[in-house]
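> Dropping a prediction and its sequence here:
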Amino acid sequence: MPASGLSLFLIAVGAILTFAVTTTVAGISIPAVGVILMIVGILGLLLSMMFLMSFSPFRGSSPFGNTAPPPVEHIERVDVHHVD
C-alpha cells in the first residue's frame, strides 16, 4: 500500500498547487505543475490498484483455467464380502 499512499500524496499536493497557490514563479507555471502531479498520482493509484487486484483471491479464476473441470469417471463398487 505504500504506492497508493504516495499517489494520494501526489494528488493532494497537485490539487493544492493547482487550486490554492497564487504565487508566481518566473518560468514555471505552478498550476501546470499541479495538474501534472495530479495526473501522475491518479495513474500511480490506478496502477497500484490493478497490481493489488492481480493477487486478489476473488477474481474468479479457476484452477482449471477457462475450461471446465475434467469429468469424473464412474467407478463400479464391488462388494468383496458377498459370496455367490
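Cool, got the structure.

> for whichever strand or helix holds residue 17, the distance to its chain's centre please.
Residue 17 belongs to helix 2-19 when assigned by DSSP states H and E. Distance, stretch centre to chain centre, for helix 2-19: 18 Å (CA atoms, centre = their mean, to the nearest Å).

> what helices or strands is that helix leaning on?
Other helices and strands packing on helix 2-19, by 3 or more CB pairs under 8 Å, 6 or more residues apart in numbering; DSSP states H and E, are helix 30-53. From N, CA and C alone the C-beta is placed, and that goes for glycine too.

> pull the CA atoms of the helix it packs on into PDB?
Output of helix 30-53 as PDB, limited to C-alpha atoms (Å, rounded to 0.1, in the frame of the first residue of the first chain):
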ATOM      1  CA  ILE A  30       2.600  26.400 -10.800                       C
ATOM      2  CA  PRO A  31      -0.900  25.300 -11.800                       C
ATOM      3  CA  ALA A  32       0.500  23.300 -14.700                       C
ATOM      4  CA  VAL A  33       2.900  21.500 -12.200                       C
ATOM      5  CA  GLY A  34      -0.100  20.800 -10.000                       C
ATOM      6  CA  VAL A  35      -2.000  19.300 -12.900                       C
ATOM      7  CA  ILE A  36       1.000  17.100 -13.800                       C
ATOM      8  CA  LEU A  37       1.300  15.900 -10.200                       C
ATOM      9  CA  MET A  38      -2.400  15.100 -10.100                       C
ATOM     10  CA  ILE A  39      -2.200  13.100 -13.300                       C
ATOM     11  CA  VAL A  40       0.900  11.200 -12.100                       C
ATOM     12  CA  GLY A  41      -0.800  10.500  -8.800                       C
ATOM     13  CA  ILE A  42      -4.000   9.200 -10.500                       C
ATOM     14  CA  LEU A  43      -2.000   7.000 -12.800                       C
ATOM     15  CA  GLY A  44       0.000   5.600  -9.900                       C
ATOM     16  CA  LEU A  45      -3.200   4.900  -7.900                       C
ATOM     17  CA  LEU A  46      -4.700   3.100 -10.800                       C
ATOM     18  CA  LEU A  47      -1.600   1.000 -11.400                       C
ATOM     19  CA  SER A  48      -1.300   0.100  -7.800                       C
ATOM     20  CA  MET A  49      -4.900  -0.900  -7.600                       C
ATOM     21  CA  MET A  50      -4.500  -3.100 -10.700                       C
ATOM     22  CA  PHE A  51      -1.400  -4.700  -9.200                       C
ATOM     23  CA  LEU A  52      -3.200  -5.400  -6.000                       C
ATOM     24  CA  MET A  53      -6.200  -6.800  -7.800                       C
END
